[in-house]
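> With the input below, show me the fold.
(chains A and B)
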Protein chains: 2
Amino acid sequence: MSAKRILAITGGIGGAKLCLGLAKILGSEELAFVVNSADDFRHLGLHVSPDIDTLVYTLSGTANAETGWGRCDESWNFMQALKELGGESWFALGDKDLAMHVERTRLLADGWSLTEVTKNLASALGIDYPIFPMCDESLRTRVETDQGVLDFQTYFVRERCEPTVRGFVYDGADRSRLNPALTAWLDEAPPSGVILCPSNPYVSIEPILQVNGMRDFLINCQAPVVAVSPVVAGQAIKGPTVKMMRELGVPGTAETVAAYYADFLDGFVLDTEDEGQALRIQALGLETTVTQSVMRSLDDRTALARDCLDFVDQLLSR
Amino acid sequence: MSAKRILAITGGIGGAKLCLGLAKILGSEELAFVVNSADDFRHLGLHVSPDIDTLVYTLSGTANAETGWGRCDESWNFMQALKELGGESWFALGDKDLAMHVERTRLLADGWSLTEVTKNLASALGIDYPIFPMCDESLRTRVETDQGVLDFQTYFVRERCEPTVRGFVYDGADRSRLNPALTAWLDEAPPSGVILCPSNPYVSIEPILQVNGMRDFLINCQAPVVAVSPVVAGQAIKGPTVKMMRELGVPGTAETVAAYYADFLDGFVLDTEDEGQALRIQALGLETTVTQSVMRSLDDRTALARDCLDFVDQLLSR
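Predicted coordinates:
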């Protein structure tokens, strides 16, 4: 076997679980992450990067295991005091978590790029894996709903995903470019595999695909590109994926996700519950592998990561 | 007696104690505060207003009684997390306290004036006394020291007042103007007395005097203007007042403070320990009153406030 060099593409909570599994197996020379920054937003004057932080907290062992987002051993005294002052309290920011946003905002204001800030903060938390925000430019997901076009966090957190989705706008995509640090990482040595983690295809992965150069990279990638279904047995592991599919008029299935990525994908990882969809996904021109993909324990994460890496190896040897 | 209408001019901790005493006696129609905002600074991207917050916390009963600054029942999880991220941790910001700075910064960025922000935050904490930052413009105290010109908080907190003071710069004073809300309050009905609280003359009161129009107002004020000595028995009740006096080459005494204000002052409140200086202060053309001015308990604060109000009445009736 040649050296491993895996690029994992991820959104927040669900994807970060698989990222942790991969990090339990691969070292920082073998694994890098591209993470969605299209749900970043300015809140209370602070630059908040929900998916980046979820990944950083998950990899550093400081994530809140119960919620999936935010930090463990968190306190909420800032939030409580802010509420008493009449401030906006719909987006929960824990006292420790707040340090990330304050420090990020300060460094960005000092002229650092989001990539540099992320590297600095991740490194402070002991992470040496390369973590690339999908781009340094402002590319923001807006959700077209029956209540108008909403900023992603307004839709997602404040409105609790309740408005009916009609489509998405990826604001700033035309001005974005593939993260130069990612380009440098790719130039250093070609990846041996690309794994799309089980994240929402519309609001976690699609914004990444919208970055100028990303889709071309995936289409032209010599290494196997595989995706793990975020939908199992017609249910999203986490979040509004299936609700969105229903509202967009497509079946809420793993197959819908596979079809969505079919133009650049080589293989698709299905849950055993959805084994019945394997043939139809293969008909899209994709290889499939079937496994237990719901990650409850840390062992589940490592096991799924192992399955993904084996699947990549298997596709590589063809 | 005609209706009371007292204007208290104050800096942070020491002055705020007397302000609380005054507020125990007078209602919000009878009492207003002008507070130093020249030690405001931008820290971690946030607009921090130390003296305003000390006054607001003191009046609302949410102050930390031990330190005099910050909030009671405070936690420090943000600060700890920030330190772990390599952020600047020399200026302690508690988790609850942080809410004030975040909300203030957000409102200022939204175009509110510092006066409007202060009113809003104080009101949220249940305070209905008018609190006027000395001006809405940026007027900042810089300290000329043997280590160069330092921003006030750098001198005061980071360098712990250790550098030798050579003088002060009140940056932006030329562009400042008397707070329009204060002008409106004064136009509504003339004050029956002005009390300079026991605050540092150079870095708490002088910046207020530097605001265009403030010194003229005090000189021309028809009502008695009295000051309470922040120096007792050659010691500052709080902070570096006497150290500064020594370094500026003037005696570290109550008399020095009285002389400093002599051009607009009518009366001076001396501690019993300094009774020996009364005659010399009277020689400056000031009336004096002698009392126990060190405020340890809440009763001390109310008693000193009562003494100040009686002194004003006494001067008024002459």
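> Would you map the strands across the stretch 51-200 of chain A?
Using DSSP state E, counting those that start in this stretch, the strands of the stretch 51-200 of chain A run over A:131-133, A:140-145, A:148-151, A:165-171, A:193-196.
> Would you convert those into JSON lines that also reports distance to chain B, mean neighbour count and mean pLDDT?
Quick note: C-beta positions are derived from backbone N, CA and C, even for glycine. Output for the strands of the stretch 51-200 of chain A, formatted as JSON lines (distance: least, Cβ to the nearest Cβ, whole Å; neighbours: other Cβ atoms under 10 Å in any protein chain shown; pLDDT from 0 to 100):
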{"stretch": "strand A:131-133", "distance to chain B": "15", "mean neighbour count": "27", "mean pLDDT": "98"}
{"stretch": "strand A:140-145", "distance to chain B": "19", "mean neighbour count": "21", "mean pLDDT": "97"}
{"stretch": "strand A:148-151", "distance to chain B": "16", "mean neighbour count": "15", "mean pLDDT": "96"}
{"stretch": "strand A:165-171", "distance to chain B": "21", "mean neighbour count": "17", "mean pLDDT": "97"}
{"stretch": "strand A:193-196", "distance to chain B": "29", "mean neighbour count": "27", "mean pLDDT": "98"}
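> Take those strands and write them to TSV, including distance to residue B:150.
Converted to TSV, those look like this (distance: least, Cβ to Cβ, whole Å):
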stretch	distance to residue B:150
strand A:131-133	37
strand A:140-145	41
strand A:148-151	42
strand A:165-171	44
strand A:193-196	53
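> From start to finish, how long is stretch A:257-273 in a straight line?
Using Cα to Cα, to the nearest Å, one end of stretch A:257-273 lies 15 Å from the other.
> buried stuff in it?
In terms of neighbour count (16 or more other Cβ atoms under 10 Å in any protein chain shown), stretch A:257-273 has its buried residues at A:257-261, A:264-271, A:273.
> Residues touching it, excluding its own?
Residues from elsewhere that reach stretch A:257-273, judged by Cβ atoms under 8 Å, 6 or more residues apart in numbering or on different chains: A:196, A:201, A:205, A:215, A:218-219, A:221, A:224-233, A:254, A:277-278, A:281, A:284-294, A:304, A:307-308, A:311-312, A:315.
> Derive a PyMOL selection command for the buried subset of those residues.
To isolate the buried members of those in PyMOL, using 16+ other Cβ under 10 Å:
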select buried, chain A and resi 196+201+205+218+221+224+225+226+227+228+229+230+231+232+254+277+278+281+286+287+288+289+290+291+293+304+307+308+311+312+315
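> Residue A:62: what's it in contact with?
Residue A:62 makes contact with A:71, A:72, A:125 under the criterion Cβ under 8 Å, 6+ apart.
> same check, this time on residue A:79
So residue A:79 contacts A:89, A:92, A:93, A:94, A:95, B:99 (Cβ under 8 Å, 6+ apart).
> from what I can see the first one touches residue A:76, true?
Looking back up the chat, that one is residue A:89. No - using Cβ atoms under 8 Å, residue A:89 is not in contact with residue A:76; the gap is 9.9 Å.
> Which one's more surrounded, the two?
In this view residue A:89 and residue A:76 are compared by other Cβ atoms under 10 Å in any protein chain shown, and residue A:76 has more residues nearby, 19 against 16.
> and the more buried one, what is it in contact with?
A:92, A:94, A:95.
> My read is that the first one contacts residue A:67, right?
No - when contacts are counted by Cβ under 8 Å, residue A:92 is not listed as touching residue A:67 (9.1 Å).
> ok, back up a step: go through the contacts of stretch A:257-273 and flag which are in helices.
A:215, A:218, A:219, A:254, A:278, A:281, A:304, A:307, A:308, A:311, A:312, A:315 (DSSP state H).
> What distance do you get for residue A:19 to chain B?
Separation of residue A:19 from chain B (Cβ to the nearest Cβ, to the nearest Å) stands at 21 Å.
> What lies in contact with the one helix or strand that residue maps to?
If you go by DSSP states H and E, residue A:19 is part of helix A:13-25. With contacts defined as Cβ under 8 Å, 6+ apart, helix A:13-25 is touched by A:6, A:8-10, A:31, A:33, A:51, A:54-55, A:58-59, A:63, A:68-69, A:129, A:195, A:197-200, A:204, A:228, A:230, A:237-239, A:295, A:298, A:300-306, A:308-309.
> so after that helix, what's the next helix or strand?
strand A:31-35.
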